[in-house]
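**Student:** Sequence plus predicted model, see below.
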There are 2 protein chains.
Amino acid sequence: MTPLQSNTRDKIVDAAMELFAYNGYGPTGLSEIARKAKVQQGSLYHFFPTKEELLAAVLERRKVLLWPEVLQEIWDRFDDPIERVFKLLDQYRMMLQVTEFSHGCPIGNLAIELTESHPNSRRLIAENFDNWLKAVEQCFHEASRRLPDTADPRRMAIFVLTTMEGAVMLARTYRDFRAYDAAISSLREYIEGLIEAGTSWDSRKKPASRRGDRG
Amino acid sequence: MTPLQSNTRDKIVDAAMELFAYNGYGPTGLSEIARKAKVQQGSLYHFFPTKEELLAAVLERRKVLLWPEVLQEIWDRFDDPIERVFKLLDQYRMMLQVTEFSHGCPIGNLAIELTESHPNSRRLIAENFDNWLKAVEQCFHEASRRLPDTADPRRMAIFVLTTMEGAVMLARTYRDFRAYDAAISSLREYIEGLIEAGTSWDSRKKPASRRGDRG
DNA sequence: GTCTATACAACGATAGAC
DNA sequence: GTCTATCGTTGTATAGAC
């Protein structure tokens, strides 16, 4: 009912968001969140009766931040949709490098930690993945002129996401980029293979369907 | 110095292994482990002075179990190395199905939970990945006659692992197999594309026979 | 809406009898 | 090597004054 959003609430969500990404949800104590947010622990319970409601607010905020904090700069700087996808993968690589492998994918981390034990949060995690997938799917949709008719933008987006999540997991485990770079280069090979197939025997594409498929 | 391995120790490691896979390392209490193993909590500290030493024993045991519990049956039933890889991926799918998405990859879970906070265990987790990668790499090495010379078995194995880990993560989050199946089908498309490339412009490669042993 | 004090449970780890 | 009792800490959540 208050017309103005309380600043305290935002500080709490921001602090929790960072700590959940860094330490995980379970290991992060509410007192730690209050300390980092520089609010009193009582305020915390004023806005979020339970820890899991705070988690929900964090996951809602992550959904909002996908565009301004993850995609926007890349989308502004690069117009080519395929390039956008690989710049996005570069960005996760840079994040690993800058943080010395201490930050992984904040959504992927919570997915593994919480899907089983916190069914309510599972849905919000899925929505975060959904939005990410939609953005990447849109890239492949926009590049469809270069791709075979059989190429499925949604399926390609899923492949990009699974590769990224797996690659981040291995980079953090090995604390180097060998596996990460290997996975991304295979993904690139796959997508460039599709582009080749899409432009070679189909260079004047899109008028309608044509035969000529595999074999 | 005891010539005979204590049975109590094994019971503890087995119970801990299962609970760590199911609930994670942090959320699993030592009393819970003792209860499940049906030993007294004192015994636990007799064999493992700290919880992290028990974790190390669990991760060492996972390394030992890779062959008999994950690979052997598939390797026995299927000779074709490419088929072995995809049957392995099928097996993770079946595990998800049988456990109703409650079990993911036990190593991947611990990787994300512990790489940052438990540097000592990180090395053992990496060794588990290494052994898995070696087994899959060996498959692609054995199939090299069907693959282009440029194909790198190690890099392909990494791609299989990242895809599997990402696919398991999404399956558990969505609690259905749409993303899992999409990712695996893209991976299959990638690998079959390599096989096509390997046999088309190179069909008389490597003197050995390579004629229909599929199925 | 802020702040202090505290209830109540669970945790990892330890001591010491047997 | 087994078992019980318990220490000291930390966790989430609450109560109630202001």
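**Tutor:** It's in.
**Student:** Close to DNA strand C: what parts of chain A are there?
**Tutor:** Contact residues (CB under 7 Å from any atom of the strand) of chain A with DNA strand C: A:2, A:6, A:8, A:39-43, A:45-46. Where you see a C-beta, it was placed from the backbone N, CA and C, and this is true even at glycine.
**Student:** which stretches of chain A aren't confidently modelled?
**Tutor:** Across chain A, the ranges flagged by pLDDT under 70 are A:1-6, A:200-215.
**Student:** Show me what residue of it gets nearest to DNA strand D.
**Tutor:** residue A:29 (3.2 Å; CB to the nearest atom of the strand).
**Student:** Keep the residues of chain A next to DNA strand C, but drop any that are not near DNA strand D.
**Tutor:** A:41-42, A:45.
**Student:** Throw those residues into JSON lines and include secondary structure and neighbour count, thanks.
**Tutor:** Formatted as JSON lines, these follow (DSSP: H, G, I helix; E, B strand; the rest coil; neighbours: other CB atoms under 10 Å in any protein chain shown):
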{"residue": "A:41", "secondary structure": "helix", "neighbour count": "13"}
{"residue": "A:42", "secondary structure": "helix", "neighbour count": "8"}
{"residue": "A:45", "secondary structure": "helix", "neighbour count": "14"}
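**Student:** which residue ends up closest to the midpoint of chain A in space?
**Tutor:** residue A:132 (5.3 Å; CA atoms, centre = their mean).
**Student:** which residues does the spatially closest residue to residue A:28 that is not a sequence neighbour contact?
**Tutor:** Distance criterion CB to CB, 6 or more residues apart in numbering or on different chains; nearest residue to residue A:28, sequence neighbours excluded, is residue A:19 at 4.4 Å. Neighbouring residues of residue A:19 by CB atoms under 8 Å, 6 or more residues apart in numbering or on different chains: A:28, A:32-33, A:36.
**Student:** quick one: which of those has the most company?
**Tutor:** residue A:33 (25 neighbours; other CB atoms under 10 Å in any protein chain shown).
**Student:** Now for that one: which residues touch it?
**Tutor:** A:12, A:15-16, A:19, A:44, A:54.
**Student:** distance of it from residue A:50?
**Tutor:** Going from residue A:33 to residue A:50 by CB to CB, to the nearest Å gives 13 Å.
**Student:** can I see the domain layout of chain A?
**Tutor:** A:1-49, A:59-200 (automatic domain parsing).
**Student:** Looking at these, which one is packed in the most?
**Tutor:** Of all the domains of chain A, domain A:59-200 has the most neighbours on average by mean count of other CB atoms under 10 Å in any protein chain shown, namely a mean of 19.
**Student:** Please see if that one touches DNA strand D.
**Tutor:** No. Domain A:59-200 stays clear of DNA strand D (CB under 7 Å from any atom of the strand), getting no nearer than 11.5 Å.
**Student:** what about the residue lying closest to residue A:32 once chain neighbours are set aside, which SS state?
**Tutor:** Leaving aside its chain neighbours, residue A:32 sits nearest to residue A:19 (6.3 Å; criterion: CB to CB, 6+ apart). When classified by DSSP: H, G, I helix; E, B strand; the rest coil, residue A:19 comes out as helix.
**Student:** For residue A:142, which residues are in contact?
**Tutor:** When contacts are counted by CB under 8 Å, 6+ apart, residue A:142 touches residue A:81.
**Student:** Tell me the spacing between it and residue A:85.
**Tutor:** Distance from residue A:142 to residue A:85, by CB to CB: 11 Å.
**Student:** Ok, residue A:121 next?
**Tutor:** Relative to residue A:85, residue A:121 is positioned 28 Å away (CB to CB).
**Student:** just the helices in chain A please.
**Tutor:** Taking DSSP state H as the test, the helices found in chain A are A:7-23, A:30-37, A:41-47, A:51-65, A:72-77, A:81-98, A:106-114, A:119-142, A:153-174, A:178-200.
**Student:** between the ones you listed, which gets nearest to residue B:92?
**Tutor:** Taking CB to CB, helix A:153-174 is the member of the helices of chain A nearest to residue B:92, at 12.4 Å.
**Student:** Do the closest one and chain B come into contact?
**Tutor:** Yes. Counting by CB under 8 Å from any CB of the partner chain, chain B is contacted by helix A:153-174 at A:154-156, A:158-159, A:161-167, A:169-170, A:172-174.
**Student:** who does that helix touch, helix- and strand-wise?
**Tutor:** Other helices and strands packing on helix A:153-174, by 3 or more CB pairs under 8 Å, 6 or more residues apart in numbering or on different chains; DSSP states H and E, are helix A:81-98, helix A:106-114, helix A:119-142, helix A:178-200, helix B:106-114, helix B:119-142, helix B:153-174, helix B:178-200.
**Student:** repeat that for 6 Å
**Tutor:** Here helix A:153-174 touches helix A:81-98, helix A:119-142, helix A:178-200, helix B:119-142, helix B:153-174, helix B:178-200, going by 3 or more CB pairs under 6 Å, 6 or more residues apart in numbering or on different chains; DSSP states H and E.
**Student:** Compare those helices and give me the one nearest residue A:60.
**Tutor:** Closest of these to residue A:60 is helix A:119-142, at 6.8 Å (criterion: CB to CB).
**Student:** Pull up the gap between residue A:72 and DNA strand C, please.
**Tutor:** Look at residue A:72 and DNA strand C: by CB to the nearest atom of the strand, to the nearest Å, they are 30 Å apart.
**Student:** Next: residue A:21.
**Tutor:** Distance from residue A:21 to DNA strand C, by CB to the nearest atom of the strand: 23 Å.
**Student:** surely that residue meets residue A:106?
**Tutor:** Yes. Between residue A:21 and residue A:106 a contact is recorded at 3.8 Å, counting by CB atoms under 6 Å.
**Student:** Mind telling me which residue of chain A is nearest DNA strand C?
**Tutor:** Going by CB to the nearest atom of the strand, DNA strand C is nearest to residue A:42 of chain A, at 2.1 Å.
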